[in-house]
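K.L.:
structure for the following, please:
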Amino acid sequence: MAFPAHFALPVGATFLLCVGATAAGLDGRLSGTAVAVACGVVVLVTTAVTDARAAPVPAVIGWMVASSFARAPYGSLHPTGHQAAVSAASVSAAALVGAVMSGTLRPVFGLASFASGLDGRRQMYGGLLAVVLLPALTLIVTSLRAQLSLTDNLLIYLLAVVAVAVVGGFWPAVFAAISASLIINWYFTPPFHTFTIAEPDNLLALLLFIVVAIVVSSVVHLAARRLVDARRSRAEAEALGRLAGSVLGREDTPAVVLQHLHATLAVGTELLERVAGRWVRVAHCGDTAAPERQRILARDDVALVVHGVVAPGSERLLDAAAGQLAAALDRDRLRTQAAQAEALAAGNRMRTALLAAVSHDLRTPLASIKASISSLRQSDVRWSPEDEATLLATIDESSDRLDSLIANLLDMSRVQTGALQPFLRPAAVDEIAPLALRGIAGGERVRLDVPETLPLVLTDAGLLERALANLLTNAVRFSPADRPPTLSAEAYDDVIELSIVDHGPGVAFDDRDRIFEPFQRLGDQDASTGVGLGLAVARGFVEAVSGTLRPSETPGGGLTMTVRLPVAPVAASRVES
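P.N.:
From the prediction side, this is the model:
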């Protein structure tokens, strides 16, 4: 089992101190060789269960313990003696074997996993801080050697090690702890300017300093790593929340999900689908020219491909996004199929209504025409001039009604199928309005208030004329004889408003949208008034020429239809003129 270095090194150092304490407590009954072997075993185990590159730390601590507690007087470090050489050989061999075991018998875990807690820049800053801070601190403390005890020096250097740990994490702090122990040994433990330690108390204090420094560095680093993990988890949670929010906000197309991933991870992404045994790109976002770095299968036939380096800890976000992409692809196709089904249903409703109109409303004028012609052709009946005029008038009126019905049916079919192709050009409203009154029964009653000074509008003159004719027909039909309808026009900035005003019964507020639906007569049971297509055709034509048509209540009662059209650009108007 592999352990991270910040856990294995403090535990190993503590066991080494226990070996030294045991040797001192047995007072010579444990030989120097046994102490060296015991320290070697601890170093071997510590190095084998963590990263191989951590081997120098337990080796140095093990050498100090084995050299100092191998023989009486216990606690005296003599780095140039025979026992120091034997101890160095023992722990070095153990560290080497442990490093080999760590690198060959199991995957490397300790440093690689541990170093991911903090980025390389922070570790570099921590190392630079140790290189600068320790010499500067040594210069200050040596000038105050007379006023400071060894305990004070240890605490001062421990504070420096903690500062390095806060900035750079564990490994810079371990480097600072080992360097500080060597500095303390050289400058502040008698005999000075040697690595020999004459007093057991000083050796114990120095060993404890190393262990405490490593433990404190480990704790500080763990706190920093937990902070990094917490930030990463929060960022991931926010990203997952935004991803889930796109579904709730109905922005769940594959393109939107890929854009979300690109904005969050700064990588190129693409969605692939397996079609006929080949992967086909459905959508993409970002730079997809870079080499493929990762492919996540949401299903056997859908895959998310990532181009670029993904930040550590983003695996769950990518897995969630891959599943979301597969679902979004399905929903997108379901919406397309639903839209197609709705279009087919609308077409079926239109065909059903057309058949109903043909079977009822169109047969009425046809029957009148047929009956009148049959009557005129009877050879056994002598018709008076007045009767013939009446029959011919019936034929003429029924033919006009039939022509109007067929024209509206054809116009409505063009609107519903999107077959309208308006030809927009500058046109004068004062020229179109009188043409719209031609052929309208009772059109002579309409009052026109259209100034000739109005600017030109950008429209299709033919479609606008048909739309106004339908609106005026409706207004004439419902206007009382003593209050005729009015067609007026006014200019407002970049639009012109045409108002068709009648003083009839009006339309309830809740029914103002329904009057524009095909085959709606809102309770009018008189089939001779048409099939209810006039207003639907009018709105379709007005919207086709980039205008708007809105109903409102006429002051004093009635209905006002307001058509808003854009004013033609000045340059285009001059060309037409």
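
K.L.:
every contact and neighbour count from this point should use C-alpha atoms.
P.N.:
Noted.

K.L.:
what's the spacing between residue 344 and residue 536?
P.N.:
19 Å (C-alpha to C-alpha, to the nearest Å).

K.L.:
higher neighbour count, these two?
P.N.:
Applying other C-alpha atoms under 10 Å to residue 344 and residue 536 shows that residue 536 carries more neighbours, namely 24 against 12.

K.L.:
surely the more buried one and residue 513 touch.
P.N.:
No. With contact defined as C-alpha atoms under 8 Å, residue 536 does not reach residue 513; the gap is 10.3 Å.

K.L.:
immediately after the lowest-mean-pLDDT helix or strand in the chain, which helix or strand?
P.N.:
When each helix and strand of the chain is scored by mean pLDDT, DSSP states H and E, helix 110-115 comes last, with a mean of 41. Counting by DSSP states H and E, the next helix or strand C-terminal to helix 110-115 is helix 120-143.

K.L.:
tell me what that following helix is packed against?
P.N.:
helix 150-168, helix 170-188 (3 or more C-alpha pairs under 8 Å, 6 or more residues apart in numbering; DSSP states H and E).

K.L.:
run the chain-centre distance for the first one.
P.N.:
Using C-alpha atoms, centre = their mean, to the nearest Å, the mean C-alpha position of helix 150-168 is found 46 Å from that of the whole chain.

K.L.:
please name every helix or strand in contact with it.
P.N.:
With contacts taken as 3+ C-alpha pairs under 8 Å, 6+ apart, helix 150-168 sits against helix 120-143, helix 170-188, helix 200-248.

K.L.:
how about the last one?
P.N.:
In terms of contacts (3+ C-alpha pairs under 8 Å, 6+ apart), helix 170-188 is packed against helix 120-143, helix 150-168, helix 200-248.

K.L.:
again, only this time at 10 Å
P.N.:
Contact partners of helix 170-188 among helices and strands, from 3 or more C-alpha pairs under 10 Å, 6 or more residues apart in numbering; DSSP states H and E: helix 5-26, helix 56-68, helix 110-115, helix 120-143, helix 150-168, helix 200-248.

K.L.:
can you list those in JSON lines and add distance to residue 435 and mean neighbour count?
P.N.:
Formatted as JSON lines, these follow (distance: least, C-alpha to C-alpha, whole Å; neighbours: other C-alpha atoms under 10 Å):
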{"stretch": "helix 5-26", "distance to residue 435": "92", "mean neighbour count": "20"}
{"stretch": "helix 56-68", "distance to residue 435": "101", "mean neighbour count": "27"}
{"stretch": "helix 110-115", "distance to residue 435": "84", "mean neighbour count": "17"}
{"stretch": "helix 120-143", "distance to residue 435": "80", "mean neighbour count": "16"}
{"stretch": "helix 150-168", "distance to residue 435": "85", "mean neighbour count": "21"}
{"stretch": "helix 200-248", "distance to residue 435": "52", "mean neighbour count": "18"}
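
K.L.:
of these, which is nearest residue 338?
P.N.:
Ranking the helices and strands packed on helix 170-188 by proximity to residue 338 (C-alpha to C-alpha) places helix 200-248 first, at 18.1 Å.

K.L.:
next SSE downstream of that closest one?
P.N.:
helix 254-265.

K.L.:
let me know the pLDDT of the nearest residue to residue 310 once chain neighbours are set aside.
P.N.:
In space, and not counting its chain neighbours, residue 310 is closest to residue 265: 6.6 Å by C-alpha to C-alpha, 6 or more residues apart in numbering. Predicted confidence (pLDDT) at residue 265: the value is 74.

K.L.:
pretty sure residue 265 sits against residue 308.
P.N.:
Yes. Counting by C-alpha atoms under 10 Å, residue 308 is a contact partner of residue 265 at 9.2 Å.

K.L.:
quick one on the thing from earlier: possible to save the helices and strands packed on helix 150-168 as JSON lines with mean pLDDT and distance to residue 316?
P.N.:
Below are these laid out as JSON lines (pLDDT from 0 to 100; distance: least, C-alpha to C-alpha, whole Å):
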{"stretch": "helix 120-143", "mean pLDDT": "86", "distance to residue 316": "24"}
{"stretch": "helix 170-188", "mean pLDDT": "82", "distance to residue 316": "28"}
{"stretch": "helix 200-248", "mean pLDDT": "71", "distance to residue 316": "8"}
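
K.L.:
a markdown table for those helices, including distance to residue 21?
P.N.:
What follows is the helices and strands packed on helix 150-168, written out as a markdown table (distance: least, C-alpha to C-alpha, whole Å):
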| stretch | distance to residue 21 |
| --- | --- |
| helix 120-143 | 30 |
| helix 170-188 | 20 |
| helix 200-248 | 10 |
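
K.L.:
residue boundaries of the strands in the stretch 351-500 of the chain?
P.N.:
Using DSSP state E, counting those that start in this stretch, the strands found in the stretch 351-500 of the chain span residues 425-427, 447-449, 457-459, 486-492, 495-501.

K.L.:
so which of those is nearest residue 303?
P.N.:
Using C-alpha to C-alpha, the strands of the stretch 351-500 of the chain put strand 457-459 closest to residue 303, at 49.2 Å.

K.L.:
for residue 269, helix, strand, or coil?
P.N.:
Following DSSP: H, G, I helix; E, B strand; the rest coil, we place residue 269 in the strand state.

K.L.:
and it, bridged to which residues?
P.N.:
Here residue 269 sits in beta bridges with residue 285, residue 306, as judged by DSSP bridges.

K.L.:
so it touches residue 282, yeah?
P.N.:
No. Taking contacts as C-alpha under 10 Å, residue 269 lies outside contact range of residue 282: 11.2 Å.

K.L.:
any idea how far residue 306 is from residue 464?
P.N.:
In terms of C-alpha to C-alpha, residue 306 sits 53 Å off from residue 464.

K.L.:
then residue 265?
P.N.:
For residue 265, the distance to residue 464 - C-alpha to C-alpha - is 53 Å.

K.L.:
fine by me, thanks again.
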